[in-house]
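Asks: task: produce atomic coordinates for the following.
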Amino acid sequence: MLAREDSFPAKTKAGRRKIGMEWTVATRRTVIKAVGAGALAGGLPTPASGASSAAKADVDADADADVDVDADVDVDVDADVDVLIVVEKSSHAVSFYDTASGQRRQTIRLPDYPHEMVVDSRRRFAYVGHYGVRMSSTVGEGGAAVFVIDLAERSLARTIDTRPFNRIHGMGIDAHDRLYALSEEKAVLLGFDAPATDQAPTRAVSAHGVKTHLFALSRDGERAYVTGLLSHTVSLVRPHDASVPPLLATPGQLPESCCLSRDEKTLFVGARKSSSLVAIDARTMKVRRSRKTGGDPLRVYMLDDKRLLVTDIVANTLTIWSTDLRKLRSLPLDGTPSAVSFHPSRPLAYVSLLDTNRIAVVDLERFAVIGGFGTQREPDTSVLLPAAT
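Replies: Sure, this is the predicted structure:
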C-alpha cells in the first residue's frame, strides 16, 4: 500500500523518516478537499477540487489547484540523486522530484494542459507537447507548441510555435536526437532535425489517420507507427520520405498506445474499446495475433525481449504479458495508471496515478509496489534522470 500523505511525519531540517520501504518527506501542511466528483467522457473519475496555496518555487501557483500544499521547495539542483521529471497536466506544469525522499524540488509553470514528454540522449533538454486540452474527448483547438525545457537550469528555455498544427500530443525522439511531434487535429507528424535550436518544424508528413494521438518510432527515426483514435487505425509512415505510401492496419477500436519489440519486427498495440492487445508485423502491417485483456489497455511498453507491460485504467492494474500474448502477472494499484517510466539501470518503474495524484514505485523483479510519493494534479508522462556517477 502507498503511504497516505497525511500520515507523513513533520518535516524538519534534520529529519526524514522511513515508512516501510519508502522514504517520505512531509510538507508543513497538506489539505485535500473533495468538493465534488464526476465521470469524464473517457471514463476516468474527475479529481477532487478545492482551494490552493501552492509552494513558491520557480513559478507561480495554480489558481485552481485541487491540493492545498504549503511546502518548502528547494531550488538547488542535486546531481547525486535520482530525479523524476513529471508532467502534471492539470497543474499545467512540469515538476522535478527527488525519488529517494519524494520531495518536489522544482516546478516549471507551462500553458494549460501539457501532456507528452521526451528527453534527449544527453539529458540536456526535455521536449513537452502542448496538447492544450485535458482529455482526447475534450472539444477545443488546444495548443500548438513544443516547450523546450533546459534540464541543467531546470527552466523553460523557449517555445517552438507549431501553428497551424495544433493539439500536439504524441512525442518521440530517435537515436540521432531528432524530435517528432504529432498534431492530433491536423493528423500530421512534425519533424525537428535540430530541436535544441530549431525555430519551427523542419519536415512534416501526413499521419494517415483521424484523431492521431500517439506513435511509436524506430530507433533510426525512419519509421513511425501512428494510432488514429477515430479511424481505429495504425499507420506506418516514413518521417523522412513522404513519397513512400503508408501502410495501415485496423487492430481494433480506439487504438491508443503502441510500442515496437526490441528487434523492431513486431508492433504491439492496445485497442482500448476492443479490450485487446494486438501484435502486428512491423513491416507488412498484417495482424499476427490478438488477445482480450478484459479491461482498458491504455499504455503498452516493452519490458525486455520477451515481456510487455500494460496499464489498465478500468481494472487499475499493471499486467505483464509475454510477447506471444500470454498473461503472466497482474498487479493491483491504488489509482488509475496513466503512464509509466523506467529506471535506466535498476528494475524500477514509476507509475503515474492520475486520479490520486501520486507516483507509485514498482519493483519489477518482485512485481510489487515498494513506495511512492505525492504530486501535483494529474501526473502523466515522466522521465527518470539518474544520479550522476
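
Asks: got the contact list for residue 116?
Replies: Residue 116 is in contact with 87, 128, 129, 131, 169, 170, 171, 214, 380, 381, counting by CB atoms under 8 Å, 6 or more residues apart in numbering. In short, each C-beta sits where N, CA and C put it, glycine included.

Asks: also residue 140?
Replies: Residue 140 touches 132, 133, counting by CB under 8 Å, 6+ apart.

Asks: any idea how far residue 225 is from the nearest residue to residue 191 once chain neighbours are set aside?
Replies: In this structure, residue 191 finds its nearest non-sequential neighbour in residue 203, 3.9 Å apart by CB to CB, 6 or more residues apart in numbering. Distance, residue 203 to residue 225, by CB to CB, to the nearest Å: 17 Å.

Asks: the more surrounded of these two?
Replies: Taking neighbours as other CB atoms under 10 Å, residue 203 and residue 225 compare with residue 225 leading, 24 against 15.

Asks: so which elements touch the helix or strand hosting the more buried one?
Replies: If you go by DSSP states H and E, residue 225 is part of strand 224-228. Contact here means 3 or more CB pairs under 8 Å, 6 or more residues apart in numbering; DSSP states H and E; on that basis strand 224-228 packs against strand 212-217, strand 233-237, strand 255-260.

Asks: output it as CSV, restricted to C-alpha atoms.
Replies: Extracted in CSV, the C-alpha atoms of strand 224-228 (Å, rounded to 0.1, in the frame of the first residue of the first chain):
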residue,chain,number,x,y,z
ALA,A,224,6.7,5.9,-37.3
TYR,A,225,3.6,4.0,-36.3
VAL,A,226,0.7,6.4,-35.7
THR,A,227,-2.5,5.5,-33.9
GLY,A,228,-5.8,7.0,-35.0
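
Asks: chain center to that strand, what's the gap?
Replies: Averaging C-alpha positions (CA atoms, centre = their mean, to the nearest Å) puts strand 224-228 17 Å from its chain's average.

Asks: ditto for stretch 246-254
Replies: How far stretch 246-254 lies from its chain's middle: 23 Å, per CA atoms, centre = their mean.

Asks: show me the contact partners of it.
Replies: 206, 208-209, 229, 232-237, 269, 271-274, 276, 278, 280, 284-287, 290.

Asks: and the helix or strand residue 191 falls within, which strands flank it?
Replies: Using DSSP H and E, the element containing residue 191 is strand 188-192. When pairs are called by DSSP bridges, strand 188-192 turns out to pair with strand 179-183 (antiparallel), strand 203-206 (antiparallel).

Asks: and the shortest one, what's buried?
Replies: Of the residues in strand 203-206, those with enough neighbours to count as buried (16 or more other CB atoms under 10 Å) are 204, 205.

Asks: surely the residue nearest to residue 191 is in contact with residue 238?
Replies: No: assessed by CB atoms under 8 Å, residue 203 is found out of contact with residue 238, at 10.6 Å.

Asks: no further queries at this time; thank you.
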